[in-house]
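Enquirer: can you look at this prediction? I've put the sequence above it.
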Amino acid sequence: MQQSSLHTFVDNGIGYVDSCTSWSRAVSNASASSIDAVDAAKRLAAYTAVDRHVQPGDKIIGIGSGSTVPYVVERILQQGDERNRDRVFLPTGFQSQQLITLAGLRLGDITQYPEIDVTIDGADEADTDLNCIKGGGACQLREKVLAEAARTFIVVADYRKNSTVLGTNYTSGVPIEVSPFASTSVLRSLRTKLDSPNATLRMARAKAGPVVTDNSNFIIDAPFTEVALRKPRELLASIKLLTGVVEVGLFCGVVKAAYFGNQDGSVTAKFENGEVVHIEEGK
Ligand SMILES: O=C[C@H](O)[C@H](O)[C@H](O)COP(=O)(O)O
C-alpha cells in the first residue's frame, strides 16, 4: 500500500474530513499552508505514539477514527511485513475498517478479540487530566469500546486539541449518540434539565436529514458551560442517565497517554500520572 493512497482515501475521506465536524470544516477552509502545518503536527504525534507504544509483542491493535489515524496506520506499516504478519487490527468504524483493509493489514472484530494490546485514536480535545471530547466524526461508541478493551489506550492529535479545560477550543459541544426514537426527548432533556439550551441534532451535509452513525443512531451536539466541563466525569454520568442515550463523547479515566504534535516540530506528551514531557524533533 502506498502511503499517499491512505491519505488520498482520507482526503476524499469517503467524506470524513469534509463532512464530519465543524472543526474539520474549519480546517478545510483554512489556507493550504496552515493545513500542511496541522497535518505535519498530526503525523508527528502519530509517529511518536506508534514508536513508543506499538511494540513487537503487541498482536491485537485497535485503530481509531479521524484525520490523524491514517498516520498511525502509515507508521505501523513502516514497522514492516514481518512484524505485522501475525497482528490483527480492530476498527472503530467504517473509516478505520477501510484504512486497515486498504493497507493490507488483517482485519478483526472486537467480538472475536475482546482484549486489545493497544488502541491508538484521535481526539477532538483533551484536558490536563486527559479527559477527552471525542465523536466529532460520530464514532464515539465504538471508540470507547475499543478504548476500554485496551491494556493501553493512547490519543494522538495536533496542538489545537491540547487544552486545560474541555470546550476551550472544541466548541461544537459534547457529541452524544442517541437512539433515533428517543432523539427528541433526549434533546428536550438536555435543553431543559442539563442546561444545554443550544443542544442540536447533527445534520448531514450531503444528505437530507441527520447524520446516521455506523450503529444506525443519531448524534446530538450539546454545548455545556465551562463550569460543567470542568467536571467531565459528573457531566458524563448525568448525560448517560437520560433514557435513549447510547454513548457520550466524553472519555474520562481511560487515556494512558496523549501525544500532541506542535508547530515547531516537537511533541508534547501528557501521561495519566500528570507528567508532561516535551519531546524535541527526532528524539
Ligand atoms: O468520532 C470521531 C473521533 O472521535 C475522532 O477521533 C475525533 O473526531 C478526532 O478526529 P481528528 O483526528 O480528525 O481531529
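Expert: Looks like it came in fine.
Enquirer: longest helix anywhere in this structure?
Expert: Looking across the chain with DSSP state H, the single longest helix is helix 32-53.
Enquirer: just the CA atoms of it, as CSV, please.
Expert: What follows is helix 32-53 as a C-alpha-only set of coordinates in CSV (Å, rounded to 0.1, in the frame of the first residue of the first chain):
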residue,chain,number,x,y,z
ALA,A,32,-3.1,25.4,2.2
SER,A,33,0.0,26.3,4.3
SER,A,34,-1.9,26.0,7.6
ILE,A,35,-3.3,22.7,6.5
ASP,A,36,0.2,21.5,5.9
ALA,A,37,1.3,22.6,9.3
VAL,A,38,-1.6,20.9,11.0
ASP,A,39,-1.1,17.8,9.0
ALA,A,40,2.6,17.7,9.9
ALA,A,41,1.7,18.0,13.6
LYS,A,42,-0.8,15.2,13.3
ARG,A,43,1.8,13.0,11.6
LEU,A,44,4.4,13.8,14.3
ALA,A,45,2.1,12.9,17.1
ALA,A,46,1.0,9.6,15.4
TYR,A,47,4.6,8.5,14.6
THR,A,48,5.8,9.3,18.1
ALA,A,49,2.9,7.3,19.7
VAL,A,50,3.4,4.3,17.4
ASP,A,51,7.2,4.3,18.0
ARG,A,52,6.6,4.3,21.8
HIS,A,53,3.5,2.2,22.2
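Enquirer: what mean pLDDT does that helix get?
Expert: The average pLDDT within helix 32-53 is 89.
Enquirer: quickly check: it near the ligand or not.
Expert: No: Helix 32-53 is not in contact with the ligand by CB under 6 Å from any ligand atom; minimum separation 6.7 Å. In short, each C-beta sits where N, CA and C put it, glycine included.
Enquirer: can you give me the buried ones in that helix?
Expert: Within helix 32-53, the residues scored as buried using 16 or more other CB atoms under 10 Å are 37-50, 53.
Enquirer: again, but for stretch 178-195
Expert: For stretch 178-195, by 16+ other CB under 10 Å, it's 178, 179, 182, 183, 186, 187, 189, 190, 194, 195.
Enquirer: surely the fifth one is in contact with residue 178?
Expert: By that I understand residue 186. Yes: contact criterion CB atoms under 8 Å: residue 186 and residue 178 qualify, at 4.8 Å.
Enquirer: mutual contacts of those two, please.
Expert: 220, 244, 245 (CB atoms under 8 Å, 6 or more residues apart in numbering).
Enquirer: just send the residues you listed back as TSV, with neighbour count too.
Expert: As requested, the shared contacts of residue 186 and residue 178 are arranged in TSV below (neighbours: other CB atoms under 10 Å):
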residue	neighbour count
220	24
244	20
245	19
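Enquirer: out of the residues you listed, which one sits closest to residue 108?
Expert: residue 245 (28.2 Å; CB to CB).
Enquirer: the longest strand anywhere in the chain packs against which elements?
Expert: When the chain is parsed with DSSP state E, its longest strand is strand 150-158. Counting contacts by 3 or more CB pairs under 8 Å, 6 or more residues apart in numbering; DSSP states H and E, strand 150-158 packs against helix 32-53, helix 69-78, strand 116-121, strand 257-261.
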